[in-house]
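Student: turn this into a model:
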Amino acid sequence: MLPGTRLRGYDIDMKLGTALLVIEFTLLCVALPGYIIATRSAAYMFFFLWLATLYCFFIYRYTHFESWHKLWGWGAVTWQNLKPILLRFAAVCVFLVAFTYFYDPERFFFLAKEKPEIIPRIFLLYPLLSALPQEFIFCTFFFARYAVFFKGWGLILASALTFAYAHVLFINPIAPTFSFAAGVIFALTYMKHKSLALVTIEHGLYGNALFLTGLGWYFHGGDVETLA
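Tutor: Numbers count the residues shown, from 1 in each chain. The predicted model follows:
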């Protein structure tokens, strides 16, 4: 085979692979959330979330997987790395408490007042059933799969924007706005440490704080009992 022919074939393969990635990104990050938004299917969000997670894991397992140790990155879960995360989380909690109190006083700590019995279940289940699959999709999978399109801050912003767009399905301004800010924080953590375990812990902390302060209502269609 002539060198030029081999080169042209390689170029075709590269272009085909890029085109398939663009299609995948469009379907997974744009079309799927768009369908949920258009059909008002937020009630089935866990079905769609785990369906997307299974697809992403299947692709990741056969294209980017190296080892379970590297995937989880438990080595990054150290006090040195947790300390700045916890300090930032404490500052955000002060903001969340103040924001909830002034923005929606009727839901201010409403779980603690009206349904305290479900708080332990939410604290346990949210990180596992919601934070973990989301961080696998929007950090682990996203960074490995779409780094060919975005670099540096572009990758962080792309991850945060798609994360925020996926929360438009709740049809309120709080969910996507807060999700974008959180998405930037989570993407920065993942870019620095490459640890699914660490970013899931961080996401779990923020999610549980939202539910405790009362803002979780905006992230679960007003019904937290189905999560618990």
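Student: going forward, measure contacts and count neighbours with C-alpha atoms only.
Tutor: Will do.
Student: now the helices for the chain?
Tutor: In the chain, the helices defined using DSSP state H lie at 3-25, 32-38, 45-63, 68-72, 79-103, 110-114, 119-126, 132-135, 142-146, 153-165, 174-193, 196-213.
Student: by mean pLDDT, show me the worst of those.
Tutor: Note on these: helix 3-25 shows the lowest mean pLDDT, a mean of 67.
Student: coming back round to it: want to throw the helices of the chain into CSV with mean neighbour count and distance to H220?
Tutor: Converted to CSV, those look like this (neighbours: other C-alpha atoms under 10 Å; distance: least, C-alpha to C-alpha, whole Å):
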stretch, mean neighbour count, distance to H220
helix 3-25, 12, 25
helix 32-38, 17, 14
helix 45-63, 15, 9
helix 68-72, 14, 27
helix 79-103, 14, 16
helix 110-114, 14, 13
helix 119-126, 16, 11
helix 132-135, 23, 14
helix 142-146, 19, 24
helix 153-165, 21, 14
helix 174-193, 20, 9
helix 196-213, 22, 9
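Student: which stretch among those comes nearest F219?
Tutor: When the helices of the chain are ranked by distance to F219, counting by C-alpha to C-alpha, first place goes to helix 174-193 at 5.8 Å.
Student: now that closest one and helix 153-165, what's the angle there?
Tutor: Taking axes from the mean of the first three to the mean of the last three C-alpha atoms, to 10 degrees, one finds helix 174-193 and helix 153-165 inclined to each other by 150 degrees.
Student: can I get the helices of the chain in TSV with distance to F219?
Tutor: Rendered in TSV, the data for the helices of the chain read as follows (distance: least, C-alpha to C-alpha, whole Å):
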stretch	distance to F219
helix 3-25	24
helix 32-38	14
helix 45-63	11
helix 68-72	26
helix 79-103	14
helix 110-114	14
helix 119-126	12
helix 132-135	13
helix 142-146	22
helix 153-165	11
helix 174-193	6
helix 196-213	9
